[in-house]
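>>> what follows is a predicted protein model with its sequence.
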Amino acid sequence: MADWTETELSALRRAYASGTTRVSYDGKSVDYGSAEDLLARIRTIERAIAATTQPVPIAGLAGFSRGDR
């Protein structure tokens, strides 16, 4: 997995919102072939970041008592 940053994601979102396919961030520039290509990249990075920040579900058994004992 590549290490994507929020800086890269923000730059991609700004470019998409402005209708351009050229993105510059951290001294790098990338030309995307179309808005669809750019949007696909945004979605890929969003999923990757979400996967690393979501808590891992923990399963367990619940216990209860009526207080009879």
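In hand now; what should we look at? Numbers count the residues shown, from 1 in each chain.

>>> sketch out the low-pLDDT regions of the protein for me.
Within the chain, the segments meeting pLDDT under 70 span 1-2, 54, 69.

>>> so residue 37 sits right up against residue 21, yeah?
Yes: counting by CB atoms under 8 Å, residue 37 sits close enough to residue 21 to count as a contact (7.3 Å). In this view, the C-beta of every residue, glycine as well, is placed from N, C-alpha and C.

>>> quick one: which of those two has more around it?
residue 21 (15 against 12; other CB atoms under 10 Å).

>>> distance check, the most centrally placed residue in the chain against residue 8.
Geometric centre of the chain, nearest residue: residue 46, 1.8 Å, by CA atoms, centre = their mean. Using CB to CB, to the nearest Å, we find residue 46 at a distance of 11 Å from residue 8.

>>> packing partners for the host helix or strand of residue 47?
Using DSSP states H and E, residue 47 sits in helix 35-53. Packing partners of helix 35-53 (3 or more CB pairs under 8 Å, 6 or more residues apart in numbering; DSSP states H and E): helix 6-18.

>>> CA-only coordinates of the helix it packs on, as PDB, when you get a sec.
Below are the C-alpha coordinates for helix 6-18, written out as PDB (Å, rounded to 0.1, in the frame of the first residue of the first chain):
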ATOM      1  CA  GLU A   6      -4.300  14.400   3.500                       C
ATOM      2  CA  THR A   7      -2.200  17.000   1.600                       C
ATOM      3  CA  GLU A   8      -2.400  14.900  -1.600                       C
ATOM      4  CA  LEU A   9      -6.100  14.200  -1.100                       C
ATOM      5  CA  SER A  10      -6.900  17.900  -0.500                       C
ATOM      6  CA  ALA A  11      -5.000  18.900  -3.700                       C
ATOM      7  CA  LEU A  12      -6.900  16.300  -5.700                       C
ATOM      8  CA  ARG A  13     -10.200  17.500  -4.400                       C
ATOM      9  CA  ARG A  14      -9.400  21.100  -5.100                       C
ATOM     10  CA  ALA A  15      -8.400  20.200  -8.700                       C
ATOM     11  CA  TYR A  16     -11.500  18.200  -9.200                       C
ATOM     12  CA  ALA A  17     -13.700  21.000  -7.900                       C
ATOM     13  CA  SER A  18     -12.100  23.500 -10.100                       C
END
